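In: Give me a 3D structure for the following:
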Amino acid sequence: MNTLPISQIPFIPLEEADPDLAALYDEIQSMTQSPVISNVWQILGNSIGTLTGTWQLFSNLYLQGGLPMTLKALILFSIAATHRCRYCGAIHEVTCRMLSIDEKHLQTIVDDLSYLTPDRTRKIIQFAIRCADEPSTLTEAHYDEIREIGIGESELVEIISLAAMGTYLDILADALKLEVDYYLQELLPGGQMIG
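Out: Numbering: from 1, shown residues only. Purely as a prediction, here's the structure:
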């Protein structure tokens with residue numbers, strides 16, 4: 001199967017953005033503390049409604065909420081690894097590393113999640129992956145198991161929402177044929193991603 005090597009949709013860089021788009025770029029760059037406007041935002045800039053909606057979803061769910069940032073990052077990394085999304089995998093791997101999640105944990109997620117410790121984190125990630133890939137197979141037992149490890153209703157909804165957002169972002173990145181940003185490549189050890 002042939003795939004396109006690069007996006008067929010042009011980027012809208014900051015210098016070419018109209019005032020509304022430039023303001024949104026500024027907000028994104030400020031809130032994410034990113035040195036540049038990432039490729040994903042520059043391509044979504046072609047549709048300010050899509051960019052606004054995607055940014056609001058990301059900022060409300062990922063940058064806020066009750067779950068620890070490290071757990072959110074691990075969930076998104078795990079979903080990207082499961083979907084083999086190169087772009088999102090790179091972003092989430094860099095985020096995990098910036099949050100001091102060690103390479104052993106990340107490699108275990110890619111190689112064999114059943115060995116991930118602590119058990120609570122593994123069970124949450126397994127539940128999130130099931131939500132992302134097989135939501136119709138969730139049973140009462142799955143919900144009972146996640147509640148037994150101390151996950152409340154608010155956190156449960158947040159995990160399910162992160163799984164949905166991770167899937168959405170993976171689809172966007174793969175369908176838009178996003179190249180991994182140079183600054184992300186430089187932040188990965190040896191410029192290589194896990195997996």
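In: Geometric centre of the protein: which residue is closest?
Out: Against the mean C-alpha coordinate of the chain, by C-alpha atoms, centre = their mean, the closest residue is Leu76 at 4.1 Å.
In: and that residue, how far is that from Gly65?
Out: Noted for Leu76: a distance of 13 Å to Gly65, by C-beta to C-beta, to the nearest Å. Backbone N, C-alpha and C define where each C-beta goes, glycine included.
In: now swap in Leu24 and tell me
Out: 21 Å.
In: hang on, the earlier thing: residues of the host helix or strand of the residue nearest to the centre of the chain that come out buried?
Out: Using DSSP states H and E, Leu76 sits in helix 69-83. Using 16 or more other C-beta atoms under 10 Å as the test for burial, helix 69-83 gives 71-83.
In: Trp55 contacts Gln29, doesn't it?
Out: No. In this structure, Trp55 is not within contact of Gln29 by C-beta atoms under 8 Å, at 11.1 Å.
In: you'd agree the residue nearest to the centre of the chain is up against Cys88?
Out: Yes. Between Leu76 and Cys88 there is a contact under C-beta under 8 Å: 7.1 Å.
In: which neighbours do those two share?
Out: 166, 169 (C-beta atoms under 8 Å, 6 or more residues apart in numbering).
In: Poorly predicted segments of this protein, please.
Out: Within the chain, the ranges that satisfy pLDDT under 70 run 1-5, 190-195.
In: Per the annotation, how does it divide into domains?
Out: 14-61, 69-191 (automatic domain parsing).
In: Now do the helices in the chain.
Out: According to DSSP state H, the chain carries its helices in the segments 19-32, 39-44, 48-61, 69-83, 86-98, 103-111, 119-133, 140-148, 153-175, 182-187.
In: So which of the ones you listed is nearest Ile6?
Out: The closest of the helices of the chain to Ile6 is helix 39-44. By C-beta to C-beta, the value is 10.3 Å.
In: helices or strands next to that closest one in the packing?
Out: helix 48-61, helix 153-175 (3 or more C-beta pairs under 8 Å, 6 or more residues apart in numbering; DSSP states H and E).
In: Check which residues of that helix are buried.
Out: Buried, per 16+ other C-beta under 10 Å, within helix 39-44: 39-44.
In: again, but for stretch 136-152
Out: 146, 151.
In: do the same with stretch 50-70
Out: 51, 54-55, 58, 61-62, 65, 67.
In: Can you list the neighbours in contact with stretch 139-152?
Out: By C-beta under 8 Å, 6+ apart, the list of residues contacting stretch 139-152 reads 119-120, 123-124, 127, 130, 156, 159.
In: swap that for stretch 50-66, sorry
Out: 21, 24, 27-28, 31-32, 41, 44-45, 72, 76, 154-155, 158, 161-162, 165, 168-169, 172.
In: Now which of those residues would you call buried?
Out: Counted by 16+ other C-beta under 10 Å, those give 21, 24, 28, 32, 41, 44-45, 72, 76, 155, 158, 161-162, 165, 169, 172 as buried.
In: picking up where we left off before, save the helices of the chain as CSV, and put in distance to Phe11 too.
Out: Shown next, in CSV, are these (distance: least, C-beta to C-beta, whole Å):
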stretch, distance to Phe11
helix 19-32, 12
helix 39-44, 4
helix 48-61, 12
helix 69-83, 21
helix 86-98, 14
helix 103-111, 29
helix 119-133, 28
helix 140-148, 40
helix 153-175, 14
helix 182-187, 13
